[in-house]
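*Asks:* here is a sequence together with a model predicted from it:
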Amino acid sequence: MTRQQLVEQIRTKKSYLIVGLDTDITKIPKHLLSTADPIFEFNKQIIDATRDHCVGYKINTAFYEALGIPGWGAMEKTAAYIPSTHFKIADAKRGDIGNTSSQYAKAFFETLQFDAITVAPYMGSDSILPFLEYKDKWTIVLGLTSNTGARDFELQKAGDELLYEKVLRTTAQWGTADQLMFVVGATQASEFTNIRAITPNHFYLVPGVGAQGGSLKDISEKAMNKEVGLLVNASRAVIYASGGEDFAVKAKQIAAAYQQEMAGYLK
Ligand SMILES: O=C(O)c1cc(=O)[nH]c(=O)n1[C@@H]1O[C@H](COP(=O)(O)O)[C@@H](O)[C@H]1O
């Protein structure tokens, strides 16, 4: 999906919501456990219920990998079920020596046909460049993450700047804003203005609203650019809005509420 298509979809729907499919077999409603593929069945109903309110889905691969082959199967089926109109993110946080990253890129961009993948920048340029060779796909580099551990490295000084600032400035040179995004945690409000100043044109994938307590208002007011430039993810707050048989109805209500709030922030 091109940047222009993404922006158009956001403008049309008045939403920059990404629904996170962090589907945990221990948290899905019990009545689904007797179906042939409970994880896929849950995702399918969540997608059907929320698709009008969001612009994409983020599959957190950990929840699928944890289940072995059945989990991988559910991920493949879910990825194929996501409508082609929607942005499809593999939240896999990969990155390794070059020839290994090439295989990760092939797995997620070609075999599973995701539009985007999250990658960790710690190993440097040769670990990221194989993803960026796919010019029509999106590489989403961890910038400033939402977790408390962001203080351990990302918010430490690296010379005369913070490590995350160095990551943003350096990786922004490796690809264009048409193929590179950054993860910016919604919980890191004090840094939003600075981050936008360093990377004025990039899209951000913003996790951390909902269950982690980040503010949709803060990120929207401080980091939106003229092309919106934000994809805000909510996982648990949407998909586990109810643990009962009405889970999809409740997920739709929460997704619609995010959409409505987002519509108010769009310039
Ligand atoms: O890359 C991510 O998506 C990510 C980066 C980050 O800094 N923080 C973060 O929470 N995430 C992911 O975003 C999702 C957040 O889930 P909820 O807190 O349930 O909305 C999970 O899939 C996390 O793995």
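*Replies:* Arrived safely.
*Asks:* what residues does the residue in the stretch 51-200 of the chain that the ligand sits nearest to make contact with?
*Replies:* Proximity to the ligand, evaluated over the stretch 51-200 of the chain using CB to the nearest ligand atom, is greatest for Thr145 at 3.0 Å. Every residue, glycine included, has its C-beta placed from N, CA and C. Residues in contact with Thr145 (CB atoms under 8 Å, 6 or more residues apart in numbering) are Glu154, Val183, Gly185.
*Asks:* what bits of the stretch 51-200 of the chain have low per-residue confidence?
*Replies:* Of all residues in the stretch 51-200 of the chain, none has pLDDT under 70.
*Asks:* so which residues on it come close to the ligand?
*Replies:* Asn60, Asp91, Thr118, Thr145, Ser146, Asn147, Val183, Gly185 (CB under 6 Å from any ligand atom).
*Asks:* for PyMOL, write the select line for the buried members of those residues.
*Replies:* This is the PyMOL syntax for the buried subset of those, where burial follows 16 or more other CB atoms under 10 Å:
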select buried, resi 60+91+118+145+146+183+185
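*Asks:* any chance of the residues of the stretch 51-200 of the chain next to the ligand in JSON lines, with secondary structure too?
*Replies:* Formatted as JSON lines, these follow (DSSP: H, G, I helix; E, B strand; the rest coil):
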{"residue": "Asn60", "secondary structure": "strand"}
{"residue": "Asp91", "secondary structure": "strand"}
{"residue": "Thr118", "secondary structure": "strand"}
{"residue": "Thr145", "secondary structure": "coil"}
{"residue": "Ser146", "secondary structure": "coil"}
{"residue": "Asn147", "secondary structure": "coil"}
{"residue": "Val183", "secondary structure": "strand"}
{"residue": "Gly185", "secondary structure": "coil"}
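*Asks:* nearest to Thr139 among the residues of the stretch 51-200 of the chain next to the ligand?
*Replies:* Thr118 (8.6 Å; CB to CB).
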